[in-house]
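Undergrad: the following comprises the amino acid sequence and a computationally predicted model.
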Amino acid sequence: MSTSMTRLKRLCSLDGVSGREEAVREYILDQLAASPAEMKITVDPLGSVIAQVAGRRRAARTVMFAAHMDEVGLIVTGITGEGYLRFAPVGGLDPAVVYGRRVTVNGRPGVIAGRAFHQCSEEERGKAVPLDKLLIDLGARDREEAEKLARPGDTAVFDSGFVKLEGGLIKARALDDRAGCALLLGLVDEAPAYDLTLAFTVQEEVGLRGAKAAAYTAAPDVAVAVDSTTAADIAGVPEEKQVCRVGGGPVVSFMDRCTLYDRPLYKRIRALADRDGIPTQTKTVIAGGNDAGAIHLSRGGVRTAAVSLPCRYIHSPSCVLSKKDLTAAAALLGALAQELPAEDGLPPLA
């Protein structure tokens, strides 16, 4: 397994529900410390990591690449007398992907519990069970035993391994956005051509909160949000509704629900990719959002772009990405890290 895949596998194995990103942050700090590039690293009060990296040349402007460390998951809200855990979602979770799934709470295995199919009424059958009707079963015999295993405020993550699929695909939980974190770390495997700022943000899944604070601190002139985005390229979905396609290259967006992206910058990135033979695509549906939504509104405004990885089954235990897309995204980000900080690297506003 390549270094980049080993890094991604490790990142996806770490628990990091929004607001509980400690394990992911520690791994990223270790990786940054091992980089040959000189950098100043700070952890802000919310927990985001901001690395100001010294390049081989001084940059004409502050360029920030951002990826979020957190993942969607569950938070314990109470314990029943029978020893089951009540919970609430953290981030956007479809009830259809939750029932019966394996989870871990404080490293302990559990199962999302609910009534079996044959215990449901005719009306209930075939419908997703609402999240407030589900519980986490850790195997505890009663409340007293369960309280030794978990407490309100503890979080749960899906228990889903990192698996290679056919066709050069990989399946794991938390690829949104540990894949982006891995790509940012790849930018400092050696000293970059120009100075860069890397922001590994917290709490993206609950409202872009870490990015808002990190962008205010870093004060970038231009920023690139690196994330995963929904791909619906599966049977039964009309082509115009498929959003983007796994294997089609990284997605360079012109608009989503949070951001209308800087058009000259969007066009420059697409042209740069064409120049270097890097496949790219754009989203065919105005949907989703990422840290760019907070970054582009920071201070007096930031010229912002997004480079995203097309991901099937996003916000589920089984996200699917293409290794080809990861390779292409790494090449595109590497090119941007050389172009955007240069004197003539940023196109003028149209």
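TA: Nice, thanks for sending it over.

Undergrad: where along the stretch 151-300 of the chain do the strands fall?
TA: Applying DSSP state E, counting those that start in this stretch to the stretch 151-300 of the chain gives strands spanning 155-158, 163-165, 169-172, 196-201, 222-231, 251-252.

Undergrad: can you add mean pLDDT and mean neighbour count and give the ones you listed back as JSON lines?
TA: Every residue, glycine included, has its C-beta placed from N, CA and C. Formatted as JSON lines, the strands of the stretch 151-300 of the chain follow (pLDDT from 0 to 100; neighbours: other Cβ atoms under 10 Å):
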{"stretch": "strand 155-158", "mean pLDDT": "97", "mean neighbour count": "23"}
{"stretch": "strand 163-165", "mean pLDDT": "96", "mean neighbour count": "13"}
{"stretch": "strand 169-172", "mean pLDDT": "97", "mean neighbour count": "20"}
{"stretch": "strand 196-201", "mean pLDDT": "98", "mean neighbour count": "28"}
{"stretch": "strand 222-231", "mean pLDDT": "97", "mean neighbour count": "26"}
{"stretch": "strand 251-252", "mean pLDDT": "97", "mean neighbour count": "24"}
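
Undergrad: would you turn those into a markdown table with distance to Gly186?
TA: As requested, the strands of the stretch 151-300 of the chain are exported to a markdown table (distance: least, Cβ to Cβ, whole Å):
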| stretch | distance to Gly186 |
| --- | --- |
| strand 155-158 | 24 |
| strand 163-165 | 19 |
| strand 169-172 | 16 |
| strand 196-201 | 11 |
| strand 222-231 | 11 |
| strand 251-252 | 18 |
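
Undergrad: closest one to Leu346 among these?
TA: strand 222-231 (5.9 Å; Cβ to Cβ).

Undergrad: neighbouring strands - and their directions - for that closest one?
TA: strand 63-68 (parallel), strand 303-312 (parallel) (DSSP bridges).

Undergrad: quick one, which of those gets closest to Ile278.
TA: That would be strand 303-312 among the strands paired with strand 222-231, by Cβ to Cβ, at 10.4 Å.

Undergrad: distance from the closest one to the middle of the chain?
TA: 10 Å (Cα atoms, centre = their mean, to the nearest Å).

Undergrad: and it, what's its mean pLDDT?
TA: Averaged over strand 303-312, pLDDT sits at 97.

Undergrad: for stretch 233-243, same thing?
TA: The model assigns stretch 233-243 a mean pLDDT of 88.

Undergrad: could you list the buried residues of that stretch?
TA: Asp233, Gln242, Val243 (16 or more other Cβ atoms under 10 Å).

Undergrad: circling back to that earlier point, can I get the strands paired with strand 222-231 in JSON lines with mean neighbour count and distance to Ala213?
TA: Putting the strands paired with strand 222-231 into JSON lines (neighbours: other Cβ atoms under 10 Å; distance: least, Cβ to Cβ, whole Å) gives the following:
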{"stretch": "strand 63-68", "mean neighbour count": "29", "distance to Ala213": "12"}
{"stretch": "strand 303-312", "mean neighbour count": "26", "distance to Ala213": "16"}
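
Undergrad: let me have these in TSV, extended by distance to Lys133.
TA: Output for these, formatted as TSV (distance: least, Cβ to Cβ, whole Å):
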stretch	distance to Lys133
strand 63-68	30
strand 303-312	27
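
Undergrad: quick one: contacts for Cys215?
TA: Small correction: residue 215 is Ala, not Cys. Met64, Ala66, Ala199, Ala223, Ala294, Ile295, Ser298, Arg299, Val302 (Cβ atoms under 8 Å, 6 or more residues apart in numbering).

Undergrad: ok, 6 Å please
TA: For Ala215, the contacting residues are Ile295, Ser298, by Cβ atoms under 6 Å, 6 or more residues apart in numbering.

Undergrad: for it, give me the pLDDT.
TA: The predicted local confidence for Ala215 is 98.

Undergrad: ok, which stretches of the stretch 1-150 of the chain are helices?
TA: 3-12, 22-33, 143-147 (DSSP state H, counting those that start in this stretch).

Undergrad: okay, and the beta partners of Cys311?
TA: Note on Cys311: beta-bridge partners by DSSP bridges are Thr230.

Undergrad: look up how far Val320 lies from it.
TA: For Cys311, the distance to Val320 (Cβ to Cβ, to the nearest Å) stands at 7 Å.

Undergrad: do you know how far Glu147 is from Asp227?
TA: If you go by Cβ to Cβ, the gap between Glu147 and Asp227 works out to 37 Å.

Undergrad: residue contacts, Ala182?
TA: Ala182 makes contacts with Arg7, Leu8, Leu11, as judged by Cβ under 6 Å, 6+ apart.

Undergrad: go again using 10 Å as the cut-off
TA: By Cβ atoms under 10 Å, 6 or more residues apart in numbering, Ala182 lies in contact with 3-12, 28, 31, 67, 175, 226, 326, 329-330.

Undergrad: what is the burial count for the nearest residue to it once chain neighbours are set aside?
TA: Closest residue in space to Ala182, ignoring its immediate chain neighbours: Leu8 at 4.4 Å, by Cβ to Cβ, 6 or more residues apart in numbering. Here the count is done by other Cβ atoms under 10 Å, and Leu8 has 27 residues near it.
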